[in-house]
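1. Make a model of this:
(chains A, B and C)
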Amino acid sequence: MSAPRNYLTEDNRLRSWFFTTDHKRVAVLYFASITLFFFIGGAAATLIRLELINPQGHLVTSDVYNRLFTLHGVIMVWFFLIPSIPNTIGNFIVPLMIGARDLAFPRLNLASWYLFMAGGLTTLYAMFAGGVDTGWTFYTPFSTMYSNGYVVLAVTGVFIAGFSSILTGLNFIVTIHRLRVPGLTWYRLPLFLWSLYATSVILVLATPVLAMTLLLVALDRAFGIGIFDPARGGDPLLFQHLFWFYSHPAVYIMILPGMGVVSELIAVYSRKEVFGYKFVAWSAIAIAGVGFFVWGHHMFVSGQSPFAGLVFSFMSFIVAVPSAIKVFNWTATMHKGWIRYDAPMLYALGFIGLFTMGGLTGLFLACLAYDVYVTDTYFVVAHFHYIMVGGMVTAYFGGLHYWWPKITGRLYPEYWARAAAILIFFGFNMTFFPQFILGIEGMPRRYHVYPPEFQVWHVLSSAGASILAVAYALPLFYLGWSLFFGARAGANPWQATGLEWQTTSPPPKHNFEGTPIVKRKPYDFTVKGKARAQNA
Amino acid sequence: MRQQHDVAQLGMWVFLATEVLFFGGLILSYCVYRSAYPAAFAEAARHTKIIIGAANTAVLLTSSFLVAWAVAIVKLRQSRFAAVLLWGAGVLGVIFLVLKGIEYGMEYDEHLLPGLDFFYPGEQARAVGLFFSFYIVATGLHAIHVAVGIVVLGVIGARARQRAYSDAYHSPVTVAGLYWHFVDMVWIFLFALIYLPGRSG
Amino acid sequence: MTRDRYPPRAIVVSWAALMALLTLTVLGAYLPLGAGNTVLAMIIAAIKAALVAAIFMELRERNPLTLAFACAGFFWLGIMLWLAFSDYATRPNFPPAMHWGQ
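-> Numbering: from 1, shown residues only, chains lettered A, B, ... in the order given. Have a look, this model is predicted:
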């Protein structure tokens, strides 16, 4: 039985893909790209974990090790995590969720993918032509004066990709403001859209500062203008202020979309409306806003003034509050819900646990005095991997599985998916929990030679990483299998309430037959087992 | 069409917000170093060519006037005359760039441009170098934005001449105008930060 | 109707005001006001920018959402300057170059 005509079958010529303005096809282009980058970054991680099994570091030299963790960080942050949910699931689902035919600026959407690829290929070239040894943070004056590597090329690649971020955020903001169908008021929006809106605000306001920062690094390195060079009156800390002004809000870009996905998953798989909808909605905005006030917590020991440290520490405690609000509301949503443990729900539950751990350890780091002790140790590495991988990547997989039927028209094999989710959870914890211990014991980050007493934790961590690698590869196989052999999905396999489920799987090119009109609040599961769609 | 116009100009305002933050990083750097080296910055600013700077400001302000005029009358179906105004603004933009180029030439001869044979006698050299680093990056980036704007005005002007725009459809003119006015606005602030300090010394 | 080609009054008046403010700011730079020179220059620049925004960019005719978007960039720039200066204004050994090699 062949599928009815949909956005995938619409036109099969190659040029119809590479010149498409259909948001769904752009999303698929992004899916392919970021999957590639994920496995490249993952390959670097594999080499890092292999290297760290042995305290003497026999696999690679120190210089190569520096280039490995730089590659891992640069690729994973800018070419996987930041575009992950917004440019794949977001691009696909946002217009569908608001009942629109496409985003506000479809051609800018396609342009953003080309910019992303141009930046990505430039950066990959820099990494493989010889690499960069500065770490993904490009601290000056090492990056501008002493580093022996392709710094200018690498920052150029990231600079170009930054425009992709900006265009995406711009598109989402205008789309969510202006393209909602009749009846879809702000308080009827699915929470995924509130989170993506907050993410887009950060994308738009923070990324330009990164652009300027990287430009100055390139100019300083190429022309010696001396803006970050103490010998010429410059201040290396100015780089850090500029860099972290972007990079701290960037970590909220790398979690808010995941939180948005989790809100959707918890509601559907508990068959209950989200508890405290307005609190969850506004907490996303609060995270985006307050997230701009805390960047100095990356600089507590850098030489910034203690007064500034105090201010940033205080603000960093405040920013934890809206995240906690979300966790409490998700838990309350599940209370007395009718819970199904399908794979997306397993990922959502994993997110809540792992994000909570990562977030709480962030509070440890927000304490000025404690941070002095654990800064630049594996404690920090564990903290951000719990949030970015345990949180965001987990949510990405959850969303990928949840919307897979809508995007591809196929159902994934449920038992394989659950197995992979559970394996990811175990592999992840085995990889990264020992790193908290390593950090507290004093193991610095970015070192590959270490005292022998740390080896047992490193071996545990690397063993966990091998399980995690298999677990991450599994979806590649069974999702790929499902594309050709999976059962065909109906319009609404999960009996969810959003507008995206009121059209076929996959959707037609123009998304909806006729314009939906919204009459209900989101997550209206008033009749057990039955869903009341928003436009019913 | 009205919704499309609204959407287009909202999109441009979002983009302009990104531009504010892009130049903003430079503004922070300037503020940090000016607060650190006030005397040197004042001395360095005295070496800028205020006559050319002021003339360029007048040129850009007038070009903005022409663009605003064009945007206003295109809604009254004066598309062809609007084209003249838009191209006039573009010509003024070219004049701006020419004057800027002359200015850069003079500063290069005076060894004031860091990375390009910079030399400054005296102990304030390092901070003067920082001032001129800010100067060349800020005005250079601004000039690139002006160049892009000239092309945009040229293209929109050409389409206006073909009567592409009317009261019903003119969002490209509005949006191009917003971009050009913003470029003018950036220059207003750069002029105040670069050319005016230290003159009363 | 060639009267449709005339520039709107508000735009002409704004341009004249901008040129006057330009003259004012250049002359004002030569007055011995100490720290007041910077304040004066920034105030005049802000007024010029506001004129361009309100009249040329037609912000005065736009809805509150557009106005919010227009102000957002400046507001966030303010955050960056303010919090960065919470460091620079309170750092004991700044600028570093002054202590270099001593």
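2. Which helix in chain B has the most residues?
-> In chain B, taking DSSP state H as the definition, the longest helix is helix B:125-161.
3. go on, chain C?
-> Longest helix in chain C, counting by DSSP H: helix C:64-88.
4. what helices or strands is it leaning on?
-> Judged by 3 or more Cβ pairs under 8 Å, 6 or more residues apart in numbering or on different chains; DSSP states H and E, helix C:64-88 is in contact with helix A:191-223, helix A:236-253, helix A:306-334, helix B:2-36. Yep, even glycine has a C-beta here, placed from its N, CA and C like the rest.
5. quick revisit: helix A:191-223 and the longest helix of chain B, what's the angle between them?
-> 120 degrees (axes from the mean of the first three to the mean of the last three Cα atoms, to 10 degrees).
6. Please compute how far helix B:125-161 lies from its chain's middle.
-> Mean C-alpha position of helix B:125-161 versus that of the full chain (Cα atoms, centre = their mean, to the nearest Å) differs by 5 Å.
7. The nearest residue to A:Gly490 once chain neighbours are set aside: neighbouring residues, count only.
-> Nearest residue to A:Gly490, sequence neighbours excluded (Cβ to Cβ, 6 or more residues apart in numbering or on different chains): A:Ser505, at 6.5 Å. If you count neighbours by other Cβ atoms under 10 Å in any protein chain shown, A:Ser505 ends up with 23.
8. so can I have TSV of the helices and strands packed on helix C:64-88 showing mean pLDDT?
-> Shown next, in TSV, are the helices and strands packed on helix C:64-88 (pLDDT from 0 to 100):
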stretch	mean pLDDT
helix A:191-223	96
helix A:236-253	96
helix A:306-334	96
helix B:2-36	94
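9. How about the contacts made by B:Gly25?
-> By Cβ atoms under 8 Å, 6 or more residues apart in numbering or on different chains, the contact list for B:Gly25 reads A:Pro208, A:Val209, A:Met212, A:Thr213, A:Leu216, A:Leu242, A:Phe245, C:Met80.
10. show me the contacts for the residue in chain C positioned nearest to chain B.
-> Residue nearest to chain B within chain C: C:Gly73 (3.1 Å; Cβ to the nearest Cβ). Neighbouring residues of C:Gly73 by Cβ under 8 Å, 6+ apart: A:Leu205, B:Leu16, B:Ala17, B:Thr18, B:Glu19, B:Val20, B:Leu21, B:Gly24.
11. can you do 10 Å?
-> Each residue near C:Gly73 by Cβ atoms under 10 Å, 6 or more residues apart in numbering or on different chains is listed here: A:204-205, A:208, B:13-24, B:182.
12. is it true that the residue nearest to A:Gly490 touches A:Thr408?
-> Yes - judged on Cβ atoms under 10 Å, A:Ser505 makes contact with A:Thr408 at a distance of 7.9 Å.
13. returning to that earlier point: how about JSON lines for the contacts of B:Gly25, with distance to B:Arg163 and neighbour count added?
-> Formatted as JSON lines, those follow (distance: Cβ to Cβ, whole Å; neighbours: other Cβ atoms under 10 Å in any protein chain shown):
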{"residue": "A:Pro208", "distance to B:Arg163": "37", "neighbour count": "27"}
{"residue": "A:Val209", "distance to B:Arg163": "42", "neighbour count": "27"}
{"residue": "A:Met212", "distance to B:Arg163": "41", "neighbour count": "24"}
{"residue": "A:Thr213", "distance to B:Arg163": "45", "neighbour count": "27"}
{"residue": "A:Leu216", "distance to B:Arg163": "45", "neighbour count": "24"}
{"residue": "A:Leu242", "distance to B:Arg163": "47", "neighbour count": "29"}
{"residue": "A:Phe245", "distance to B:Arg163": "47", "neighbour count": "28"}
{"residue": "C:Met80", "distance to B:Arg163": "45", "neighbour count": "23"}
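14. Just give me the closest of those residues to B:Ala83.
-> B:Ala83 has its nearest neighbour among the contacts of B:Gly25 in A:Pro208, at 32.3 Å by Cβ to Cβ.
15. shaky segments in chain C?
-> Per-residue confidence for chain C (pLDDT under 70) gives these ranges: C:1, C:95-102.
16. could you pull out the helices for it?
-> Going by DSSP H, chain C shows helices at C:9-29, C:36-51, C:64-88.
17. by contact count, what packs against the shortest one?
-> Right, helix C:36-51. Judged by 3 or more Cβ pairs under 10 Å, 6 or more residues apart in numbering or on different chains; DSSP states H and E, the packing partners of helix C:36-51 are helix B:38-46, helix B:50-74, helix B:171-194, helix C:9-29.
18. In space, what's closest to the residue of chain C closest to chain B - neighbours in sequence excluded?
-> Sequence neighbours aside, B:Val20 is the residue nearest to C:Gly73 in space, at 3.1 Å (criterion: Cβ to Cβ, 6+ apart).
19. With B:Val74 instead?
-> B:Val74 sits nearest to B:Ala82 (Cβ to Cβ, 6+ apart), 4.4 Å away.
20. What is the burial count for A:Tyr415?
-> By the measure other Cβ under 10 Å, the count of residues near A:Tyr415 is 9.
21. Could you measure from it over to B:Gly157?
-> Using Cβ to Cβ, to the nearest Å, we find A:Tyr415 at a distance of 64 Å from B:Gly157.
22. for A:Thr21, same thing?
-> In this view, A:Thr21 and B:Gly157 are 27 Å apart by Cβ to Cβ.
23. In terms of packing, which of the two has more residues around it?
-> The neighbour comparison of A:Thr21 against B:Gly157 (other Cβ under 10 Å) goes to B:Gly157, with 21 against 15.
24. dump the residue contacts of the more buried one.
-> Neighbouring residues of B:Gly157 by Cβ under 10 Å, 6+ apart: B:Ala70, B:Ala82, B:Ala83, B:Val84, B:Leu85, B:Leu86, B:Trp87, B:Gly88, B:Ala89, B:Gly90, B:Val173, B:Ala176.
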